[in-house]
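Enquirer: I'll drop the sequence and a predicted model, then ask my questions.
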Amino acid sequence: MKKVFFFLILFSIALQACHKEEDERKDEHEKFITTGVIQEITINNVQGSVMKEISDVVFVARCLIPPGGDYDMTPDQEADRYMVRLPFNTERMSFELPGNPPASLLRTIEKDFPPGFHISDRTAQTISFVTIGWCWRDAYKIQARLAYAKRVDDVYYIADYIYCDKEVNITGSGQDWWGHPLTYDLELKKGWNMVVERREHAGIQSATISNLLPEGMGWFYDRILGGRSQPD
């Protein structure tokens with residue numbers, strides 16, 4: 001029995017190494033820069049189709065919350081989620097991120113990340129599930145989002161935004177909120193952090209979330225289906 005168990009461990013390690021080598025081969029032609037704290041977001045040259053009725057863009061927190069991320073909010077907290085709002089412009093939009101976001105949006109970091117990963121400081125507080133959404137004029141309902149993204153064959157990169165009140169690292173391998181393989185190699189600083197999700201769509205969906213941003217990213221209209229986003 002011990003031999004069988006030992007063999008299964010070796011097989012698991014070999015399988016993980018194989019997947020890592022495949023991922024590295026798929027990224028071998030990519031050039032990356034390391035992301036960090038940002039104060040401003042500029043959106044331009046958005047690709048894809050857009051509904052003419054959409055008029056406003058919002059930087060909204062606690063959006064697309066996955067299963068297990070249960071947040072009950074008061075009406076005031078619900079309004080706080082919409083941190084920035086500006087008129088939609090097909091050519092160029094720029095806005096500063098709130099230096100002091102509403103305290104009502106902060107949550108203990110463990111609530112914003114799936115269980116099972118190493119968090120260097122569990123006293124940190126974060127604002128996650130942040131979306132650059134577009135919506136009807138004078139309304140709050142998010143119709144879809146604007147994504148800073150890149151697709152290379154079956155690999156999809158997309159930028160996300162996380163506010164953290166102190167420095168903290170999240171590392172390790174486990175599962176995301178939907179039970180798919182997920183790896184964190186993430187360093188958060190105090191303030192608004194741009195992080196990058198590398199999502200693999202071939203076979204079993206897997207993802208890595210890190211500070212590595214590939215060159216050639218661009219802005220796209222991103223549909224929202226069943227609580228998750230779907231790139232056009």
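Expert: Looks like it came in fine.
Enquirer: quick one, phi psi at the residue positioned nearest the centre of the chain?
Expert: Central residue of the chain (C-alpha atoms, centre = their mean): residue 160, 3.4 Å from the mean position. Backbone geometry at residue 160, expressed as degrees, to the nearest 10, gives phi -120, psi 170.
Enquirer: all helices of this structure, in order?
Expert: Using DSSP state H, the helices of the chain run over 2-26, 75-80, 109-112.
Enquirer: what stretches of the protein score poorly on pLDDT?
Expert: 1-26, 50-53, 68-74, 136-141, 223-232 (pLDDT under 70).
Enquirer: circling back: how near is the residue lying closest to the residue nearest to the centre of the chain once chain neighbours are set aside to residue 135?
Expert: Counting by C-beta to C-beta, 6 or more residues apart in numbering, residue 160 lies nearest to residue 195, which is 5.1 Å off, once chain neighbours are set aside. Bear in mind the C-beta positions are built from the backbone N, C-alpha and C, glycine included. Distance from residue 195 to residue 135, counting by C-beta to C-beta, to the nearest Å: 24 Å.
Enquirer: again with residue 181
Expert: 33 Å.
Enquirer: residues near residue 87, how many?
Expert: The local packing count at residue 87 equals 9, with neighbours defined by other C-beta atoms under 10 Å.
Enquirer: I misspoke; the intended subject was residue 162.
Expert: 22.
Enquirer: same thing with the one 4 residues further on?
Expert: Applying the criterion other C-beta under 10 Å, we find 14 residues in the vicinity of residue 166.
Enquirer: show me what contacts it?
Expert: The contact partners of residue 166, by C-beta atoms under 8 Å, 6 or more residues apart in numbering, come to 121, 123-124, 190.
Enquirer: in stretch 134-154, what counts as buried?
Expert: When neighbours are counted by 16 or more other C-beta atoms under 10 Å, the buried residues of stretch 134-154 are found to be 134-135, 142-150.
Enquirer: farthest-separated two in the residues you listed?
Expert: Spatial extent of the buried residues of stretch 134-154 (C-beta to C-beta) is set by the pair 135 and 150 at 24.9 Å.
Enquirer: contacts for stretch 200-208?
Expert: Surrounding stretch 200-208, the residues in contact under the criterion C-beta under 8 Å, 6+ apart are 19, 23, 154-156, 176, 180-185, 197-199.
Enquirer: same thing but at 10 Å, please
Expert: With C-beta atoms under 10 Å, 6 or more residues apart in numbering as the contact definition, stretch 200-208 has outside contacts at 19-20, 22-23, 26-27, 151, 153-158, 173, 175-176, 178-186, 196-199, 231.
Enquirer: okay, buried residues for stretch 58-68 please.
Expert: Under the neighbour-count rule (16+ other C-beta under 10 Å), stretch 58-68 has 58-64 buried.
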